[in-house]
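Trainee: Provided below for reference: sequence and predicted model.
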Amino acid sequence: MENTIRIVMPQKKTWLKLAVTALFIGALVAFFSLGGEQYLSLEAIKNNRDNLLAYTENHYLVAILLAILIYTASTAFSIPGATLLSLTVGFLFGRWVGTVIILLAATLGATLVFLAARYLFAETARQKLNSGLAARLINGFNDNAFNYLLFLRLVPLFPFWLVNLAPAFTPIKVRTYVIGTAIGILPGCFVFANLGQSLGRIDSLNQLVSTETLLAFALLGLFALLPILIKKSRKTV
C-alpha cells in the first residue's frame with residue numbers, strides 16, 4: 001500500500017506540472033495566433049475609445065471586473081502590453097480608481113506567475129544556482145528579501161515580467177513578495193493611471209515617461225537599498 005502511494009503521488013505531481021506548463025504556453029500561443037497584439041495596440045484603443053467609454057459608463061461594475069480580469073491574465077501569462085493596459089484603465093476609470101485597479105490586478109497577476117514558477121522550476125533552479133553570482137543573489141534575498149524586491153520594483157531598469165519570475169527561485173516568502181510588489185509598483189500605477197487620462201493625445205508609448213520621472217523612480221529604488229547598505233556597514237565596523 002505504501003509503495004502504491006509513493007508511485008501515484010509523483011505521477012500526479014508530474015501531470016499537474018505539465019498541465020500548468022501547457023496552460024501558460026497555450027495562453028501565449030492563443031494570444032499571438034488569434035492576433036491579440038492587434039487588439040492590444042495604441043491605435044486599436046484610440047479607434048475604440050468612444051465605445052470603451054460608453055460601455056464603462058453603462059456597465060461600470062462589470063467594466064471594473066473585466067479590467068481586473070484582463071489585466072491579471074495579461075500579467076500572469078506575461079503577455080506584452082502592460083503599459084497600454086495601464087493607460088487604458090486610467091483613461092476609463094480616472095487616476096484614483098484606475099490606480100486601485102492596476103495595483104490589485106498587477107499584484108495578483110505577478111503573484112500567480114511567481115507561484116507557478118516556484119512550483120514548476122524552483123527545485124531545479126536551486127540545485128543549479130548554488131554558486132557564484134546566483135548564490136549571492138539568493139543569499140541577498142534570504143537576508144533582505146523585502147528591500148531587494150522593493151528596489152527591483154521601483155527602479156525601471158528591469159522588465160516587469162522578469163522581476164515577477166526571478167524571486168521565485170529565491171527563499172523569499174509569498175507574503176513578503178506580495179507586500180513588496182504592491183508597495184513597489186504603487187508609484188508606477190499612479191503615474192500611468194494619471195497619464196491615461198490623456199490617452200487620446202498620445203501618439204507613441206515612447207513619449208510617456210520623462211527623464212525626471214525615471215530619475216525619481218531610481219532614487220526611490222536607491223532609498224529602498226539604504227537599510228541593506230546600513231546593515232552591511234555596521235557589520236564591517
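Mentor: Happy to help now that I have it.
Trainee: going forward, measure contacts between C-alpha atoms and count neighbours the same way
Mentor: Will do.
Trainee: Name the residues of the host helix or strand of Leu162 that come out as buried.
Mentor: Of the helices and strands defined by DSSP states H and E, Leu162 is found in helix 160-165. Buried residues in helix 160-165, counted by 16 or more other CA atoms under 10 Å: 160-161, 163-165.
Trainee: List of residues touching it?
Mentor: 75, 78, 110-111, 113-114, 117, 152-153 (CA atoms under 8 Å, 6 or more residues apart in numbering).
Trainee: now it, how far from the centre of its chain.
Mentor: Helix 160-165 has its C-alpha centroid displaced from the chain centroid by 6 Å (CA atoms, centre = their mean, to the nearest Å).
Trainee: moving C-terminal of that helix, what's the next helix or strand?
Mentor: helix 174-195.
Trainee: Against which helices or strands is that following helix packed?
Mentor: Counting contacts by 3 or more CA pairs under 8 Å, 6 or more residues apart in numbering; DSSP states H and E, helix 174-195 packs against helix 82-128, helix 132-154.
Trainee: For these, give me a markdown table that also has distance to Leu42.
Mentor: Compiled in a markdown table, the helices and strands packed on helix 174-195 are given as follows (distance: least, CA to CA, whole Å):
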| stretch | distance to Leu42 |
| --- | --- |
| helix 82-128 | 7 |
| helix 132-154 | 25 |
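Trainee: Mean pLDDT lowest where, among these?
Mentor: Lowest mean pLDDT within those: helix 132-154, a mean of 74.
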